[in-house]
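> mind looking at a prediction? Sequence and model below.
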Protein chains: 2
Amino acid sequence: MVDWDLIRVFVAVMEHGSLLGASKDLGMSPPTIARHIARFEDSLGLVLFHRRHDGYHPSKAAQALLPKSRQVARSVALFSRTVSDVKSPERTRVRLASGFWFSKLITSELPSFHENNPDMEIDLVTGHQIADLDEGEADISIRNIRPENGALVMRKLGEALYAIYGSRSYVAQNAVAYEEARFESCDWIGAAEPLNSLASQIWLREQGVQEPKLRCSHTLQFLDAAKAGMGLTILPRIIGDRETDLVRVSELIELPSKDVWLIVHERSRDLPKVRTVINWLVPVFKQL
Amino acid sequence: MVDWDLIRVFVAVMEHGSLLGASKDLGMSPPTIARHIARFEDSLGLVLFHRRHDGYHPSKAAQALLPKSRQVARSVALFSRTVSDVKSPERTRVRLASGFWFSKLITSELPSFHENNPDMEIDLVTGHQIADLDEGEADISIRNIRPENGALVMRKLGEALYAIYGSRSYVAQNAVAYEEARFESCDWIGAAEPLNSLASQIWLREQGVQEPKLRCSHTLQFLDAAKAGMGLTILPRIIGDRETDLVRVSELIELPSKDVWLIVHERSRDLPKVRTVINWLVPVFKQL
DNA sequence: ATCTCGTTTTTCATATTTGAAAAACCGGCA
DNA sequence: TGCCGGTTTTTCAAATATGAAAAACGAGAT
């Protein structure tokens, strides 16, 4: 069994690409790190780095192992957060997990929340990975998927509606954007690899858009690309309507996963801090 | 920052309740472990164990920290599996994740698969936690939920239908089981705490069953309890119909999350071993 | 060709960690 | 009471890990 701590060293060296950089991060001397890596390689039976005079260069194997190592790092971070929570329970900080669009909406309403609740702190955890409430990655999660089970309490916040948007300039030059023919005649901003299975993208393919002109690997880029006039794209109406640069060119669209759920772990549903945040969120999402 | 390896020692001591037991597990001497735990406590600023002459007794804090520590252990295990896969890629072993019911179905068909594919090995990962394909926890996952996104490829296997079942003896003594009044007049086997949000349980509550006679915390107990004649319960028809001890007393029920999806990571969809298993699974789930 | 910069590697004295054995501890039991 | 069985804790010599400084190294610039 390998020394778990060596994984930490491995990650640091991967991130800095050199012993020297890693040494400052870890508070150890370069020779020590070199020895740690050597021992790690021995116990794994793999060559992780090619030593060069300009740094440590990761091997194929090292690259394959990095994501898993990061996962270990995340679980340790979670452990540490739990430690501090055991030592002094957070009574004013709430971790709120959601996708990018909802984060944007929440952020825009955050100032007024802070005004009314100056003592509360909110950690906004934004990502497309669904937070594991069971593992304490967040206190509250907002998703348009209803989780299968677990000790979770749910509450429907509303229904998200989508529509097709384009920039003012693009729409002005392509009047067809308003018509059914847009799916063939317009440029589209779609999703790349990791987002292929977004409901909006599936819908788009069903309408006949097979080859978007631009493929984005990150949700937020849809918005930026549309604003830049690259073409048409699908956005939640709560996002699109707020952008003065954009024009809505279609009716509202109902996607299959339209319901928006607020999910809380059973154990934290009655914490005052959590109640406060929920009571604030519910009206915020009324606007959907 | 704490030494990650100390988490491993901590878990071992928690599991054995004594230094001596942990020492055999870890291959370290008891004094070393005692010193590690002491250092761990120092760096965390917590008392983890009460030392007694009959062993190390965990404190409240230690108990709160154990689940997170286990999570770290799991992520390290995943790391290790990746290491062995990098060293010698598994060409014949497929990890197949699913819920309990689907596992049961798969298991029953497994013999014929092995007959036709004697070289293949299948790891059946059964649980209600959704496997994170992205992290390599499994090669294939079968779920009745469509994941939100990620680099996943999906394929609909069919639609799961449910029905109400009871044991022969119970139904014989309670003819009302066949009628609408069963929701009030019969004993029910329902879900306890962690499974409250199963689609079947939600449906049951909607029919007016608020207080099941027996609450199970594990899906498989529904089946066992029904066979033991405790009352009525909801089962997938593919499971219930195969039990000779059970009688179906209702029409087929369509629950909201009826679609069954086979989910594969994009990166592994074209591996021969994965294709083999998928080609086998598709007809198996045709029976749904 | 030589210098310089940022890196890794060697060296070696020092600090830390380790395990075996012995000692101490405590509850239960005859 | 005294002893046994399971523990933890102490002791101390040996093994191991560490850091500072120096050396080695190679690419690019002068």
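Received the coordinates, thanks.

> and the helices in chain A, which stretches?
Using DSSP state H, the helices of chain A run over residues A:4-16, A:19-26, A:30-44, A:60-87, A:100-116, A:168-173, A:182-185, A:199-206, A:219-227, A:237-240, A:272-284.

> among those, which is nearest residue B:214?
Smallest distance to residue B:214 across these (CB to CB): 31.6 Å, for helix A:272-284. Placement of C-beta: from N, CA and C, glycine included.

> returning to that earlier point: between the helices of chain A, which one is nearest to residue A:141?
Of all the helices of chain A, helix A:100-116 comes closest under CB to CB, at 10.0 Å.

> show me what contacts residue A:69?
Listed by CB atoms under 8 Å, 6 or more residues apart in numbering or on different chains, the contact set of residue A:69 reads A:7, A:10, A:11, A:14, B:79.

> same question, residue A:20
Contacts of residue A:20 by CB under 8 Å, 6+ apart are residue A:30.

> ok, now how distant is it from residue B:56?
Plainly put, residue A:20 is 41 Å away from residue B:56 if you go by CB to CB, to the nearest Å.

> which parts of the stretch 51-200 of chain A sit against chain B?
A:61, A:64-65, A:67-69, A:71-72, A:74-76, A:78-80, A:82-83, A:86-87, A:99, A:128, A:130, A:135-136, A:143-152, A:154, A:193-198 (CB under 8 Å from any CB of the partner chain).

> residue A:75 contacts residue B:71, correct?
Yes - using CB atoms under 8 Å, residue A:75 is in contact with residue B:71, at 4.8 Å.

> got TSV for the helices of chain A, with mean pLDDT and distance to DNA strand C too?
What follows is those, written out as TSV (pLDDT from 0 to 100; distance: least, CB to the nearest atom of the strand, whole Å):
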stretch	mean pLDDT	distance to DNA strand C
helix A:4-16	97	8
helix A:19-26	94	3
helix A:30-44	96	4
helix A:60-87	94	14
helix A:100-116	88	35
helix A:168-173	93	46
helix A:182-185	91	52
helix A:199-206	86	42
helix A:219-227	86	32
helix A:237-240	91	42
helix A:272-284	93	39
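
> how about the nearest residue to residue A:43, chain neighbours excluded?
Once flanking residues are discounted, residue A:43 sits nearest to residue A:2: 4.6 Å by CB to CB, 6 or more residues apart in numbering or on different chains.

> check contacts around the one you found.
A:40, A:43, A:44, B:80.

> residue of the stretch 101-250 of chain A with the smallest distance to DNA strand C?
residue A:135 (29.3 Å; CB to the nearest atom of the strand).

> that residue contacts residue B:68, doesn't it?
Yes - the pair residue A:135 and residue B:68 passes the contact test of CB under 8 Å, sitting 7.4 Å apart.

> who touches both of the two?
residue A:78.

> if you count surrounding residues, which of those two has more?
More crowded of residue A:135 and residue B:68, by other CB atoms under 10 Å in any protein chain shown: residue B:68, with 22 against 15.

> circling back: now, which of the contacts of residue A:69 sits nearest residue A:279?
Distances from residue A:279 to the contacts of residue A:69, taken by CB to CB, are shortest for residue A:11, at 40.1 Å.

> burial of the closest one, as a residue count?
Neighbour tally, residue A:11, other CB under 10 Å: 19.

> which non-adjacent residue is nearest it?
residue A:69 (4.9 Å).

> and the contacts of residue A:2, which are buried?
A:40, A:44 (16 or more other CB atoms under 10 Å in any protein chain shown).

> what's the farthest-apart pair in the contacts of residue A:2?
So for the contacts of residue A:2, where distance means CB to CB, the most widely separated pair is A:40 and B:80, at 12.5 Å.

> nearest the geometric middle of chain A, what residue?
residue A:127 (1.0 Å; CA atoms, centre = their mean).

> now do the contacts for the residue in chain A positioned nearest to DNA strand D.
Of all residues in chain A, residue A:32 sits closest to DNA strand D, at 3.2 Å by CB to the nearest atom of the strand. Contact partners of residue A:32, counting by CB under 8 Å, 6+ apart, are residue A:23.

> what of residue A:62?
Counting by CB under 8 Å, 6+ apart, residue A:62 touches A:10, A:14, A:46, A:48, A:49.

> what would these look like in CSV with neighbour count?
Formatted as CSV, the contacts of residue A:62 follow (neighbours: other CB atoms under 10 Å in any protein chain shown):
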residue, neighbour count
A:10, 27
A:14, 19
A:46, 17
A:48, 22
A:49, 22
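
> tabulate the residues you listed (TSV), appending distance to chain B.
As requested, the contacts of residue A:62 are exported to TSV (distance: CB to the nearest CB, whole Å):
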residue	distance to chain B
A:10	10
A:14	13
A:46	7
A:48	10
A:49	14
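
> of the residues you listed, which pair is most distant in space?
A:14 and A:46 (13.5 Å).

> excluding covalently adjacent residues, which one is nearest to residue A:254?
residue A:161 (6.6 Å).

> and residue A:224, how far from residue A:122?
In terms of CB to CB, residue A:224 sits 25 Å off from residue A:122.

> more neighbours: these two, which one.
In this view residue A:224 and residue A:122 are compared by other CB under 10 Å, and residue A:122 has more residues nearby, 21 against 12.

> quick check, pLDDT for the more buried one.
Residue A:122 is assigned a predicted lDDT (pLDDT) of 87.

> hang on, it packs against residue A:98?
No - using CB under 8 Å, residue A:122 is not in contact with residue A:98; the gap is 11.3 Å.

> quick one: the closest residue to residue A:186 other than its chain neighbours from residue A:187, how far?
What sits nearest to residue A:186 in space, not counting adjacent residues and going by CB to CB, 6+ apart, is residue A:232, at 5.0 Å. Look at residue A:232 and residue A:187: by CB to CB, they are 7 Å apart.

> then residue A:235?
Residue A:235 is 16 Å from residue A:187, by CB to CB.

> could you do residue A:126 as well?
Counting by CB to CB - residue A:126 and residue A:187 are separated by 28 Å.

> quick check: residue A:18 vs residue A:37, distance?
Distance from residue A:18 to residue A:37, by CB to CB: 12 Å.

> overlap in contacts, the two.
By CB under 8 Å, 6+ apart, the residues touching both residue A:18 and residue A:37 are residue A:56.

> what about those two, which has more around it?
residue A:37 (22 against 16).

> list the contacts of that one.
A:6, A:9, A:10, A:13, A:48, A:49, A:56.

> shouldn't the third one be in contact with residue A:44?
So that's residue A:10. No - contact between residue A:10 and residue A:44 fails when scored by CB under 8 Å: they sit 9.4 Å apart.

> count of neighbours near residue A:283?
10.

> which residues sit in contact with it?
Contacts of residue A:283 by CB under 8 Å, 6+ apart: none found.

> for residue A:158, see how far away it is.
10 Å.

> same deal with residue A:192?
29 Å.

> repeat for residue A:132
24 Å.

> again, but for residue A:176
Distance from residue A:176 to residue A:158, by CB to CB: 32 Å.

> which residue sits closest to residue A:247 in space, ignoring its chain neighbours?
residue A:171 (4.8 Å).

> what is the burial count for the one you found?
Applying other CB under 10 Å, I find that residue A:171 has 21 neighbouring residues.

> does it touch residue A:248 like I think?
No - at 9.5 Å, residue A:171 and residue A:248 do not qualify as touching, with contact defined as CB under 8 Å.

> what residues does the stretch 1-150 of chain A have near DNA strand D?
Residues of the stretch 1-150 of chain A lying near DNA strand D by CB under 7 Å from any atom of the strand: A:27, A:28, A:29, A:30, A:31, A:32, A:35, A:36, A:39, A:53, A:54.
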